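Peer 1: next input, structure requested:
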Amino acid sequence: MSEPSETAGPPVALIVEDDEDTTALLEVVLTQAGFSVLTADNGADGIELARTHHPTLATIDVTMPQMDGLEATRRIREFSDAYIVIISGKSQEHDILAGFDAGADDYVPKPIRPVELRARLAAVARRPVAGIIEAAPTWAPADVDSARSAFLQRVVAGQPIDTSSTDGVDQEEDEEDTGQDGREGMLEVGMRFVGGWIEFRGLRINPARGIVVVDDRLADLPQEQIDLLEILMYAGSRTLNGRQLALRLRGQTEETATTTSVQDQRWVEALVTGLRVQIKDDEASPRWLETLPNGRYRLVRPDLSGDDATA
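Peer 2: Numbers count the residues shown, from 1 in each chain. So this is what the prediction gives:
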C-alpha cells in the first residue's frame with residue numbers, strides 16, 4: 001500500500017489493483033493527468049485509504065483475493081462520492097451492470113488503453129484533458145446535474161412526467177404511433193435502471209453526468225446529441241416527431257417557439273443523423289433509433305416474432 005505526500009495541491013486518485021503492471025500503467029496515466037496517486041493491492045487497504053484520503057477518483061479492479069472489487073466499491077460508496085471506475089477483464093453485459101449496481105460511475109475493460117482512459121477522465125471533468133493537467137490544483141469533478149438526477153428518480157418510481165400536448169402533438173396519430181413514456185414505456189421497450197444509469201441494449205446513459213457508453217466504449221457526443229438521446233430514452237415506446245423533439249430540446253412550447261416546424265424538422269433530422277454516426281446505429285437496420293415516415297422517431301421496439309406476432 002502506497003500513499004502520496006502530504007503536500008496539498010493536486011486531487012487524489014486511488015488505485016485498487018493487485019496486478020503490478022496494471023498499477024504501473026494507471027499510475028502513469030493518472031499522474032500525467034495531474035493527480036496525486038495512492039495505491040493498494042487489495043480491497044481492505046483500498047477502503048482504508050479511501051476513508052483517510054478522500055480521493056476524487058478511484059479505479060478498482062474486480063478480481064482480487066479476499067475481497068473482490070465489487071464489494072470494495074460498495075463499501076467505499078457508503079462514505080465516498082469519489083468517481084469510481086471499475087477495471088476488469090470481464091466485459092459481458094451482466095458484469096458491467098453489476099459494476100454499476102455496486103456503485104461505480106464507469107467501467108473500463110482490460111486491456112486498458114491509455115488514450116481511452118484519458119478521454120474518460122475528460123468526460124468526468126467535462127473539460128479538455130489539457131485543462132486537467134494545466135489546472136490540476138484547482139481541478140474537481142463535474143457537479144452532478146441534480147435536476148436530471150431527481151427527474152430520473154421520479155421516472156424510476158413510476159411518477160408521471162410532463163407529456164403536455166402543447167408541444168406539437170399530431171392529434172391524428174396512427175394507431176402504430178401510440179405508446180407511453182416514462183417508466184412503463186421505457187420498460188416496455190426493454191430498458192433497465194441501474195443506479196444513475198439507464199441501459200438499453202448495450203447503450204447506456206447517465207443523465208446526471210451527461211455520459212453515454214456504447215458497448216463498453218465511451219461515446220464523445222456533443223451536448224445536443226446527449227440531450228436528444230435522453231429525450232428519446234424517456235419517451236419510452238412513444239413516437240415523437242421532429243417538432244416535438246426540437247421543442248423539448250429547447251424547453252419550449254408551441255406558444256413560445258422561435259422557429260417554424262419545417263426548420264425544426266430539418267434540425268432534428270441532422271441531429272439524429274449525427275447521433276447515428278456517433279453511436280454506429282445503422283438506419284436501414286437500426287439497433288436503437290427508428291425513423292418513421294413524416295419525420296417521426298422512436299426507439300426500436302422488441303421483436304415480437306413467433307408466438308407474440310400471432311397473439
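
Peer 1: strands of the stretch 51-200 of the chain, start to end?
Peer 2: 57-61, 83-88, 106-109, 192-194, 197-200 (DSSP state E, counting those that start in this stretch).

Peer 1: return the most buried member of those strands.
Peer 2: Mean neighbours per residue, mean count of other Cβ atoms under 10 Å, is largest over those for strand 57-61, with a mean of 27. For the C-beta atoms, the positions are set from N, CA and C on the backbone; glycine is no exception.

Peer 1: that one pairs with which strands?
Peer 2: strand 12-16 (parallel), strand 83-88 (parallel) (DSSP bridges).

Peer 1: mean confidence score for the first one?
Peer 2: This means strand 12-16. Over the span of strand 12-16, the pLDDT mean works out to 93.

Peer 1: likewise stretch 88-106?
Peer 2: Here stretch 88-106 scores 79 as its mean pLDDT.

Peer 1: now do it: everything it contacts.
Peer 2: For stretch 88-106, contacts defined as Cβ atoms under 8 Å, 6 or more residues apart in numbering pick out 60-63, 69-71, 73-74, 76-77, 83-86, 107-110, 120, 124, 192, 194-197, 199, 202, 204, 206, 209, 211, 213, 216, 218.

Peer 1: got it, and stretch 279-286?
Peer 2: 203, 212, 214, 219, 221, 229, 275-276, 287-289, 291, 300.

Peer 1: could you redo the last one with a cut-off of 7 Å?
Peer 2: Residues outside stretch 279-286 that contact it (Cβ atoms under 7 Å, 6 or more residues apart in numbering): Leu203, Val214, Ala219, Arg276, Arg287, Trp288, Leu289, Thr291, Val300.

Peer 1: export only the CA atoms of the strand or helix carrying Val277, formatted as PDB.
Peer 2: With elements taken from DSSP states H and E, the one containing Val277 is helix 261-279. Listed next in PDB are the C-alpha coordinates belonging to helix 261-279 (Å, rounded to 0.1, in the frame of the first residue of the first chain):
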ATOM      1  CA  SER A 261     -42.000  23.400 -37.800                       C
ATOM      2  CA  VAL A 262     -40.100  22.900 -41.100                       C
ATOM      3  CA  GLN A 263     -36.900  24.400 -39.500                       C
ATOM      4  CA  ASP A 264     -37.200  22.100 -36.500                       C
ATOM      5  CA  GLN A 265     -37.800  19.000 -38.700                       C
ATOM      6  CA  ARG A 266     -34.600  19.700 -40.600                       C
ATOM      7  CA  TRP A 267     -32.600  20.500 -37.400                       C
ATOM      8  CA  VAL A 268     -33.700  17.300 -35.700                       C
ATOM      9  CA  GLU A 269     -33.100  15.200 -38.800                       C
ATOM     10  CA  ALA A 270     -29.500  16.500 -38.800                       C
ATOM     11  CA  LEU A 271     -29.100  15.800 -35.100                       C
ATOM     12  CA  VAL A 272     -30.400  12.200 -35.500                       C
ATOM     13  CA  THR A 273     -28.100  11.600 -38.400                       C
ATOM     14  CA  GLY A 274     -25.100  12.800 -36.400                       C
ATOM     15  CA  LEU A 275     -26.200  10.800 -33.400                       C
ATOM     16  CA  ARG A 276     -26.500   7.600 -35.500                       C
ATOM     17  CA  VAL A 277     -22.900   8.100 -36.800                       C
ATOM     18  CA  GLN A 278     -21.600   8.600 -33.300                       C
ATOM     19  CA  ILE A 279     -23.200   5.500 -31.800                       C
END
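
Peer 1: give me the pLDDT for Thr291.
Peer 2: For Thr291, pLDDT reads 93.

Peer 1: ditto for Asp174
Peer 2: Value for Asp174, per-residue pLDDT: 46.

Peer 1: residue contacts, Gly179?
Peer 2: Gly179 is in contact with Gly185, Gly236, Ser237, Arg238, Thr239, counting by Cβ under 7 Å, 6+ apart.

Peer 1: let's see it at 6 Å
Peer 2: Contacts for Gly179 (Cβ atoms under 6 Å, 6 or more residues apart in numbering) come out as Gly185, Ser237, Arg238.

Peer 1: which stretches of the stretch 201-311 of the chain form strands?
Peer 2: Taking DSSP E, counting those that start in this stretch as the test, the strands found in the stretch 201-311 of the chain are 203-206, 211-214, 217-219, 240-241, 289-292, 296-299.

Peer 1: lowest average pLDDT across those strands?
Peer 2: The weakest mean pLDDT among the strands of the stretch 201-311 of the chain belongs to strand 217-219, with a mean of 77.

Peer 1: what lines up beside that strand in the sheet?
Peer 2: Sheet pairing of strand 217-219 (DSSP bridges) gives strand 211-214 (antiparallel).
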